[in-house]
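1. Okay, structure incoming, though there's no sequence with it:
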């Protein structure tokens, strides 16, 4: 009955999402358009056992991807040993020659990895793609869950649901883990980026500045944030 209670409040939750301006942007025919985030109150339920298996596999995958990036921009053993052809790397639009030989703090090349999963008809989960450069989307389930909790507290009292309200704290911890002694910021391309709402929301929750490129200057090979 508690899930029915949540379902009956779907319209109210969508009204709140609109009121808070929870949007995402898309480019279509070279024009930027924003639309409200669509919400469905019927959740996809994963058992704790199923989630544990997925978590273990994704941790292993992210570790392997980091080691791959470390090798590609470092010793290149995977190319020397002809595990993969060189042209696969050097012809890739994502390959950045400026990063050759760079070792980021604590050898973390992908701090946030957005791994897209799909569930097949056989019930198994499969990797659709790996998003390692600028993954986004974590905000939407956060704010949707928050509004669901406000709308139907009963659902969360009567069902054991994992809490995701500490995501901003976890992200702050990740940033501080690789911080070399300066301030942490959220860098955004600006208002017309598809994920701008997420950038501003996370910066607010993490209590860090939201920074655009105009706020940054380089002097004597050091990057500075200019506060206005």
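-> Right, received. Where do you want to start? A quick note: this is a predicted structure, and the numbers were derived from the prediction, not measured.

2. before we move on, what SS does the closest residue to residue 61 other than its chain neighbours have?
-> Spatial nearest neighbour of residue 61, chain neighbours left out: residue 115 (6.6 Å); criterion: Cβ to Cβ, 6 or more residues apart in numbering. The C-beta positions use only the backbone N, C-alpha and C, and glycine is treated the same way. Here residue 115 takes the strand state, with states given by DSSP: H, G, I helix; E, B strand; the rest coil.

3. What distance do you get for residue 115 to residue 38?
-> Distance, residue 115 to residue 38, by Cβ to Cβ, to the nearest Å: 22 Å.

4. And the two? Which one has more around it.
-> Neighbour count, other Cβ atoms under 10 Å: between residue 115 and residue 38, residue 115 has more, with 17 against 9.

5. The more buried one is in contact with residue 131, isn't it?
-> Yes. Between residue 115 and residue 131 there is a contact at 7.2 Å, judged by Cβ atoms under 8 Å.

6. so after the host helix or strand of residue 141, what's the next helix or strand?
-> Assessed by DSSP states H and E, residue 141 sits inside helix 139-151. Next helix or strand after helix 139-151 toward the C-terminus (DSSP H and E): helix 153-158.

7. tell me what that following helix is packed against?
-> Other elements packing on helix 153-158 under the criterion 3 or more Cβ pairs under 8 Å, 6 or more residues apart in numbering; DSSP states H and E are helix 2-7, helix 139-151.

8. highest average neighbour count across those helices?
-> helix 139-151 (a mean of 18; mean count of other Cβ atoms under 10 Å).

9. what sits up against it?
-> Applying Cβ atoms under 8 Å, 6 or more residues apart in numbering, the contact partners of helix 139-151 are 6, 9, 12-13, 16-17, 20, 22, 24, 37, 39, 41, 155-156, 164-165, 167-168, 197-198, 201-202.
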